[in-house]
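Student: Sequence first, predicted coordinates after that:
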Amino acid sequence: AQSVTQPDARVTVSEGASLQLRCKYSYSATPYLFWYVQYPRQGLQLLLKYYSGDPVVQGVNSFEAEFSKSNSSFHLQKASVHWSDSAVYFCALSGGSNAKLTFGKGTKLSVKS
Amino acid sequence: AQTIHQWPVAEIKAVGSPLSLGCTIKGKSSPNLYWYWQATGGTLQQLFYSITVGQVESVVQLNLSASRPKDDQFILSTEKLLLSHSGFYLCAWSLAWGGAAEQFFGPGTRLTVL
């Protein structure tokens, strides 16, 4: 069975501060990992993805994430957040030959200006 | 450029009434199509997927059904809504198949069952 845990339902940071959104996964092999963002009243947009290789992956809008096999984690980071980053962020996992994405419950990010 | 459209944007329905939600993808030929559901306060779950016209596979049993009548259209429906069907329904597509396939999501339909 595969699962994704996002331990923080809500995170609030000040504009210009750094950000880390946590994601832990459970999967028997090396998974494919994704971070999606959902802005209010919109669908999901892909921020970045990890398939293999360099554990640090760069995404859109200066987001990056680091894969750790030993910690079963795929944390999302940004050096300096902007008020427009306020949204809900989902970590997701898929594996093997099927295309089933397993999502975490999401983390709602609020950026204070 | 490809576009994905879902209808309706939002729906308020009575328990026991029928439901039909739609999804159309333009600009891509023979996409793989998916339905996801998010209960209020819950996570997203994949409900159905379709690789080709006329073929739909169920992933989670929720007393819902799905059909793919055209290459670019995916329909989610039920004859009798339950309170538990409330939530946010997302349609998605991909060109590749498998765990590495990047999926692109529509804007979603918010369903409230009273």
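Tutor: Structure's in. What do you need? Quick caveat, the model's predicted, so the values are computed rather than measured. Numbering: from 1, shown residues only, chains lettered A, B, ... in the order given.
Student: number of nearby residues for residue B:38?
Tutor: By the measure other CB atoms under 10 Å in any protein chain shown, the count of residues near residue B:38 is 20. Glycine gets a C-beta too; all of them are placed from N, C-alpha and C.
Student: thought it was touching residue B:45?
Tutor: Yes - using CB atoms under 8 Å, residue B:38 is in contact with residue B:45, at 7.4 Å.
Student: OK, contacts around residue A:96?
Tutor: Residues counted as contacts of residue A:96 (CB atoms under 8 Å, 6 or more residues apart in numbering or on different chains) are A:29, B:98-99.
Student: Tell me which of the residues you listed fall in helices.
Tutor: With DSSP state H as the criterion, helices contain none of these.
Student: neighbours around the spatially closest residue to residue B:44 that is not a sequence neighbour, how many?
Tutor: Among residues not flanking residue B:44 along the chain, residue A:103 sits closest, at 4.1 Å (CB to CB, 6 or more residues apart in numbering or on different chains). Neighbour count for residue A:103, taken as other CB under 10 Å: 22.
Student: measure residue A:103 to residue B:8 for me?
Tutor: To residue B:8, residue A:103 is 23 Å away according to CB to CB, to the nearest Å.
Student: And residue A:99, by the same measure?
Tutor: Distance from residue A:99 to residue B:8, by CB to CB: 26 Å.
Student: Between these two, tell me which one has more neighbours.
Tutor: Between residue A:99 and residue B:8, counted using other CB under 10 Å, residue A:99 has the larger neighbour count: 22 against 11.
Student: pretty sure residue B:63 contacts residue B:79?
Tutor: No - using CB under 8 Å, residue B:63 is not in contact with residue B:79; the gap is 9.1 Å.
Student: Can you list phi and psi of residue 48 for me?
Tutor: Went with chain A since none was named. Phi and psi for residue A:48, reported as degrees, to the nearest 10, are phi -170, psi 170.
Student: my bad, chain B
Tutor: phi -140, psi 160.
Student: any idea of the pLDDT on residue A:102?
Tutor: What the model reports as pLDDT for residue A:102 is 91.
Student: Next: the one 5 residues further on.
Tutor: The confidence metric pLDDT takes the value 96 at residue A:107.
Student: contacting residues around the most centrally placed residue in chain B?
Tutor: For chain B, the residue sitting closest to the mean C-alpha position, by CA atoms, centre = their mean, is residue B:35 at 3.1 Å. Contacts for residue B:35 were tallied using CB under 8 Å, 6+ apart; they are B:23, B:46-49, B:66, B:74, B:76, B:89-92.
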